[in-house]
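**Student:** my questions concern the predicted model and sequence given below.
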Protein chains: 2
Amino acid sequence: MRTWDGRYSQPVRLDEISTPSRVADAGEGVSQPELGLAARNHGMPLEAMRYDLTPPGLHYLLIHYDIPFVDADAWSLRIDGLVDRPLTIDLAALKAMPATTVRSTMECAGNGRARLEPRPVSQPWLVEAVGTAEWTGVPLRDVLLAAGVRPDAVDVVFTGADHGVERGVEQDYQRKLTLAEALDPEVLLAYEMNGAPLAPQHGFPLRLLVPGWYGMTNVKWLRRVEVLDHEFTGFQQKAYVVRQSSDEAGVPITRIAPRALVIPPGFPDFMTRGRVVRPGPVLLEGRAWSGRAPVARVEVSVDGGATWAAATLADDGGHRWAWRRWSHSWLATPGEHLVTARATTTDGEVQPVDAPWNRGGFVNNAAHQIPVTCLED
Amino acid sequence: MRTWDGRYSQPVRLDEISTPSRVADAGEGVSQPELGLAARNHGMPLEAMRYDLTPPGLHYLLIHYDIPFVDADAWSLRIDGLVDRPLTIDLAALKAMPATTVRSTMECAGNGRARLEPRPVSQPWLVEAVGTAEWTGVPLRDVLLAAGVRPDAVDVVFTGADHGVERGVEQDYQRKLTLAEALDPEVLLAYEMNGAPLAPQHGFPLRLLVPGWYGMTNVKWLRRVEVLDHEFTGFQQKAYVVRQSSDEAGVPITRIAPRALVIPPGFPDFMTRGRVVRPGPVLLEGRAWSGRAPVARVEVSVDGGATWAAATLADDGGHRWAWRRWSHSWLATPGEHLVTARATTTDGEVQPVDAPWNRGGFVNNAAHQIPVTCLED
C-alpha cells in the first residue's frame, strides 16, 4: 500500500494497493502485514490437544477478508447453474432435511509456512493451524440431487459472503469441487459445530465441510452453489497450489498430508515457549491425523530424530477423519532434548524431517520439534 | 534458548533458557518467539465490534504460560492468610452464594506494543487486544467478609493454576489488589462468561474480574486468595509497570486508558488489511471505552488528524465498564484517506496521536489509524 502523505492523491487502482505475493529476504523478520494477519487469525494452543473436540474459541481460524455479518432470517442458499430445478433454500428448510454429523480435523493448507526458509509472505503459521470439531448438516449430495444435476456437469462452485481483494483481484471467496467430489455423501452443508449454531467466525449460518481436505475448501458463509459444464479456474483455485515459482500453474492442494503434533511437555518459558521438565517419567502425548491414507503409526524421538521409538496409537473410535491420540513414556534426564514426532500412513507415507519448499508455503508437514530442557532435580 | 546441538549438554539453569527482556533493534522484524506468542494469543478481529458482546472465540486472549486443564470436581478455592476463618470453597458452594453480573470491556495492558518504535519484544499486539463480555460470579467482598479479614490486612494476592518461567523466574501466575480495591463490590469471582461456564482459555472454572482494570489483574484459573499484612511485590507486580529502563521501579499499571477503535470500513486487501471503499456515504463506526473517567466524546478524522469531527456517541445503557458505540457519516471521495478516531474522558484526558514510549510497551493508546482507499466509481 502506498504511504498516505496527508493529502488526496491521484485516483488509485486496486493493483496499486494489493500487490503481488513475495518471498521474504534471507533473515527478514516477520513484517507488519504478516503480524496483522497473525493477530487476527489464530492457531490452536497446542495444549488443547488434550481434548478430543477442540473447545470453542481454540479451533484455528483463517479468514481471508472480514467476518461477514449475516442475518440468518434474511439468508438463503441458492443452488443453480446446470441443474433442472434451481433452488433457494432457507435455514429452516435445510434443518428440516435429514442431518448427518461428522467429526473432522481441519487444518490450514498454509500450516508450517513460517518455518520455511525463505519464508513465503502470507499468514505466518508455525504448526498450530488445526482443530477438531463435530460438524452437523445436510449432505450436499441430497441438495444437488434435489436440484437435479444435469449429465454434462463438471464442477460445482461454492461462493461465500466474504468479499475482498487479493493480489489485485476483487472477489467473493470461491472454491470448487468436481462433481464426483461434491457427490461424496460425507460432504456436508454444515450449520452446527459441536452441537451449537456456527459461530460468526466459523461461517454462520452455513459452511461447506469436506472431511479430510485442507481448510480453504470448506467455504464459510456459504450463499451459492453453482453447477458448471466446465472447469472452474477462479482465483483461489490458482492460489492454493504447490509450485516453485509464481509463473507455474502448480499442483492443486486437496487432502491433508499426515502430521503428528506433540503436546508440549512440562511448563513453558513465557517468551520463547521453550519447555522445562524435571528428571523422571514424562508422558509425551499428542495427536496424529491424515486426510490421505489413515495414520498407521506414530514414532517419537527425544534426540531430534537420531533414534525413534514407537508411540502407542489410539484407534480412531469410528471417526475416520478425526485426529487420534498417541502417547509415549519418556524418562527425562538432566540436559537439553529435542522432542520430535512423526506419523506414517497405511500407504507408507512418512512425515519428512524437512519438507520441500514451495512458493506459497503450503503443505509443510515437517516433523514437529520441541526443545525441552530437563533441569537437575 | 541455547541451540540444541544433538547431544546432551551440561546441566542448564532456568536463567539460561529464560532470558532478560529486550527491545528490538531499529528495523528488526518480528522474531520467531514473538510470532510464537502471536500464533497462540489472539486479538479480536475489529469487525467484531459490531456486537455489544464479543462472540465466544473472538474475545482477545493473553495466556502467559499454558492453559491449565482443571477438573472442576476436584477444584476448590482457598481463602487464607490474614483472616479469622480460612475457607476452602468448591464450585457448588460458590454458585449457591448471591451472584452478580457485570458487562465489562477487557483490554491487554500490552495492546499497541508492536506499534512502538523501538518495539519492546513480547506479545506483539497491534490494536486488537480487547473484548467485551458479561461476567457472572460472586462479589469477592462477600467471600472476604465471610472469611473475616483482620484489621491489619494490606494486600490480597490471587494465585492461578498456570505455571511457567518468565525472565528466569519460575512461578505460578500471581497478582494483587490492595484490600480497599479488593473490597470494591464490583470485583467478582466469576464462573460464567456470557451466561456459560468459563471456557478453558478464559479461566475455567473461576477467575478474578476487576471491571475497568487491564487484563493482567483478572487472574484466571484462580485457586487461592491470600490476605497479607504487607505489600505484595511478586514478579508480575514488578513486570506490569511503565518505566523507561529496566532498572527503574516504574509506575504500576492499573486502570484502562481511554481508547476508541474504528470498525475498518469497506472491504480489505487480504495481505495488507488495507481498506477499499467506493465513492459515496460510508458509515464510520466503532467503540470507545475507558477504565478511568467515562468517555465524554469521540472525534473522527479522515485526514489523519488534520481536522476532526464529533462522532455520535451512544449512551452506556447502564453498563459503566463496557464499550460504547460511536458512529459518523462520511462522504468518501476518490483518493487515499487516513481514518482516525480518538476518545476524550469526562476528566479531559484525550487519546494521544503518539503515545509516549515505555520499556514494557504498555498502555499505548495512540489513536487508531486506518488507511482507506476510495476507488473511482
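**Tutor:** Structure received.
**Student:** quick check, the residue in chain A closest to chain B?
**Tutor:** Proximity of chain A to chain B (Cβ to the nearest Cβ) peaks at residue A:29, 1.8 Å away. Where C-beta positions appear, they are placed from N, C-alpha and C, glycine not excepted.
**Student:** quick check: the gap between that residue and residue B:35.
**Tutor:** From residue A:29 across to residue B:35, the span is 9 Å (Cβ to Cβ, to the nearest Å).
**Student:** tally of neighbours for residue A:74?
**Tutor:** 7 (other Cβ atoms under 10 Å in any protein chain shown).
**Student:** could I get the pLDDT score of it?
**Tutor:** According to the prediction, residue A:74 has pLDDT 97.
**Student:** three-state assignment of it?
**Tutor:** Recorded secondary structure, residue A:74: coil (DSSP: H, G, I helix; E, B strand; the rest coil).
**Student:** return the set of buried residues in stretch A:363-377.
**Tutor:** A:363-375 (16 or more other Cβ atoms under 10 Å in any protein chain shown).
**Student:** where in chain A is pLDDT low?
**Tutor:** By pLDDT under 70, the low-scoring segments of chain A are A:1-11.
**Student:** skipping adjacent residues, who's closest to residue A:368 in space?
**Tutor:** Nearest residue to residue A:368 in three dimensions, chain neighbours excluded: residue A:261, at 5.0 Å (Cβ to Cβ, 6 or more residues apart in numbering or on different chains).
**Student:** now the one you found: how far from residue B:320?
**Tutor:** Residue A:261 sits 44 Å away from residue B:320, going by Cβ to Cβ.
**Student:** the more surrounded of these two?
**Tutor:** A direct count of neighbours by other Cβ under 10 Å for residue A:261 and residue B:320 places residue A:261 higher, at 23 against 14.
**Student:** identify the residue spatially nearest to the residue of chain A closest to chain B, adjacent ones excluded.
**Tutor:** Nearest non-adjacent residue to residue A:29 (Cβ to Cβ, 6+ apart): residue B:29, at 1.8 Å.
**Student:** what about the one you found, how many residues nearby?
**Tutor:** Other residues lying near residue B:29 total 19 when counted by other Cβ under 10 Å.
**Student:** torsion angles phi and psi at the residue most central in space within chain A?
**Tutor:** The residue lying closest to the centre of chain A (Cα atoms, centre = their mean) is residue A:108, at 2.1 Å. Backbone geometry at residue A:108, expressed as degrees, to the nearest 10, gives phi -80, psi 140.
**Student:** show me what contacts it?
**Tutor:** Shown in contact with residue A:108 (Cβ atoms under 8 Å, 6 or more residues apart in numbering or on different chains): A:60, A:62, A:123, A:125, A:129-130, A:214-216.
**Student:** among these, which lie within strands?
**Tutor:** The strands, defined by DSSP state E, take in residue A:130 from the contacts of residue A:108.
**Student:** all strands of the stretch 1-150 of chain A, in order?
**Tutor:** A:77-81, A:87-89, A:100-107, A:130-139 (DSSP state E, counting those that start in this stretch).
**Student:** dump the ones you listed into JSON lines; add mean neighbour count and distance to residue B:142 as well.
**Tutor:** Below are the strands of the stretch 1-150 of chain A laid out as JSON lines (neighbours: other Cβ atoms under 10 Å in any protein chain shown; distance: least, Cβ to Cβ, whole Å):
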{"stretch": "strand A:77-81", "mean neighbour count": "18", "distance to residue B:142": "51"}
{"stretch": "strand A:87-89", "mean neighbour count": "16", "distance to residue B:142": "52"}
{"stretch": "strand A:100-107", "mean neighbour count": "22", "distance to residue B:142": "43"}
{"stretch": "strand A:130-139", "mean neighbour count": "23", "distance to residue B:142": "39"}
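**Student:** out of those strands, flag the one nearest residue B:46.
**Tutor:** Among these, strand A:130-139 comes nearest to residue B:46, with 22.6 Å by Cβ to Cβ.
**Student:** and the angle from the closest one to strand A:100-107?
**Tutor:** Between strand A:130-139 and strand A:100-107, the angle comes out at 150 degrees (axes from the mean of the first three to the mean of the last three Cα atoms, to 10 degrees).
**Student:** just checking, what packs against strand A:130-139?
**Tutor:** Counting contacts by 3 or more Cβ pairs under 8 Å, 6 or more residues apart in numbering or on different chains; DSSP states H and E, strand A:130-139 is packed against strand A:100-107, strand A:188-193.
**Student:** let me have those strands in a markdown table, extended by distance to residue B:239.
**Tutor:** Shown next, in a markdown table, are the helices and strands packed on strand A:130-139 (distance: least, Cβ to Cβ, whole Å):
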| stretch | distance to residue B:239 |
| --- | --- |
| strand A:100-107 | 35 |
| strand A:188-193 | 37 |
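**Student:** turn those strands into TSV, including distance to chain B.
**Tutor:** Below are these laid out as TSV (distance: least, Cβ to the nearest Cβ, whole Å):
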stretch	distance to chain B
strand A:100-107	14
strand A:188-193	10
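**Student:** and of these, who's closest to residue A:239?
**Tutor:** Going by Cβ to Cβ, the one of those nearest residue A:239 is strand A:100-107, 17.1 Å.
**Student:** how about the residues of the stretch 251-377 of chain A by chain B?
**Tutor:** The stretch 251-377 of chain A comes close to chain B at residues A:264, A:267-274, A:276, A:303-304, A:306, A:333-338, A:371, A:373, A:375-376, as judged by Cβ under 8 Å from any Cβ of the partner chain.
**Student:** show the buried residues in those.
**Tutor:** Using 16+ other Cβ under 10 Å, the buried ones in these are A:264, A:267-274, A:276, A:304, A:334-338, A:371, A:373, A:375.
**Student:** okay, and residue A:296 sits in which element?
**Tutor:** strand A:295-301 (DSSP states H and E).
**Student:** quick check: what element follows that strand along the chain?
**Tutor:** Once strand A:295-301 ends, the next helix or strand along the chain (criterion: DSSP H and E) is strand A:309-310.
**Student:** run the chain-centre distance for that next one.
**Tutor:** 28 Å (Cα atoms, centre = their mean, to the nearest Å).
**Student:** only alpha carbons, please: show stretch A:353-362 as CSV.
**Tutor:** Taking C-alpha atoms only, stretch A:353-362 is exported to CSV below (Å, rounded to 0.1, in the frame of the first residue of the first chain):
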residue,chain,number,x,y,z
VAL,A,353,12.1,-34.1,8.8
ASP,A,354,12.4,-31.3,6.3
ALA,A,355,9.5,-30.7,3.9
PRO,A,356,10.3,-29.5,0.4
TRP,A,357,9.9,-25.7,-0.1
ASN,A,358,7.2,-24.2,-2.3
ARG,A,359,6.3,-20.7,-3.3
GLY,A,360,3.0,-20.4,-1.4
GLY,A,361,4.3,-22.1,1.7
PHE,A,362,1.7,-24.9,1.6
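**Student:** sorry, back to before: in the sheet, who's paired with the residue nearest to residue A:368?
**Tutor:** Residues in a beta bridge with residue A:261, per DSSP bridges, are residue A:287.
**Student:** check contacts around it.
**Tutor:** Residue A:261 neighbours (Cβ under 8 Å, 6+ apart): A:46, A:49, A:127, A:130, A:286-288, A:341, A:368.
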